[in-house]
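1. any chance you can model this:
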Amino acid sequence: MWFDLSAADAGQVREFYSAMFGWAVAPAGNAGPYQAWITDGQQPWAGITQAAAADDAGWLPYVVVEDLDEAARRAVSLARRTGRPARRSR
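-> Numbering: from 1, shown residues only. From the prediction side, this is the model:
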């Protein structure tokens, strides 16, 4: 499981989650769109990015499944919808 957190103010979000939950937040360095990692102290489990607009801010979870098409069909059959079209990772 991986999470992306897009924020209108990535710096403020780092401070908030660190203070609120005691989460370890580390700078991402030169890692593409990521400005920081939320870690368990050793491994990152989420990346913080700058949202293009305030409306784009929020959490986006990623899960790994063996068969993407089957997982999407199953979610729909359980009366759920996929928020965005399912995408295969590279």
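
2. secondary structure class for the closest residue to A26 other than its chain neighbours?
-> The shortest distance from A26 to any non-neighbouring residue, by CB to CB, 6 or more residues apart in numbering, is to W37 (5.0 Å). Glycine gets a C-beta too; all of them are placed from N, C-alpha and C. Following DSSP: H, G, I helix; E, B strand; the rest coil, W37 is assigned to strand.

3. likewise E66?
-> On the basis of three-state DSSP, E66 is classed as coil.

4. I'd like the distance from the longest helix along the chain to the chain centre, please.
-> Assignment by DSSP state H gives helix 10-21 as the longest helix of the chain. Centroid displacement of helix 10-21 relative to its chain, using CA atoms, centre = their mean, to the nearest Å, is 15 Å.

5. now do the same contact list for I38.
-> Contacts for I38 (CB atoms under 8 Å, 6 or more residues apart in numbering) come out as F3, L5, Y17, W23, A24, V25, P44, W45, A46, G47, I48.

6. dump the residue contacts of A57.
-> Contact analysis of A57 by CB under 8 Å, 6+ apart lists S6, A7, A8, A51.

7. what does A51 give?
-> So, once contact is read as CB under 8 Å, 6+ apart, A51 ends up touching S6, A7, A8, A57, G58.

8. roughly how far does the spatially closest residue to the third one that is not a sequence neighbour sit from V25?
-> Once its chain neighbours are removed from consideration, A8 has its nearest residue in A54; the separation is 4.4 Å (CB to CB, 6+ apart). In this structure, A54 and V25 are 21 Å apart, going by CB to CB, to the nearest Å.
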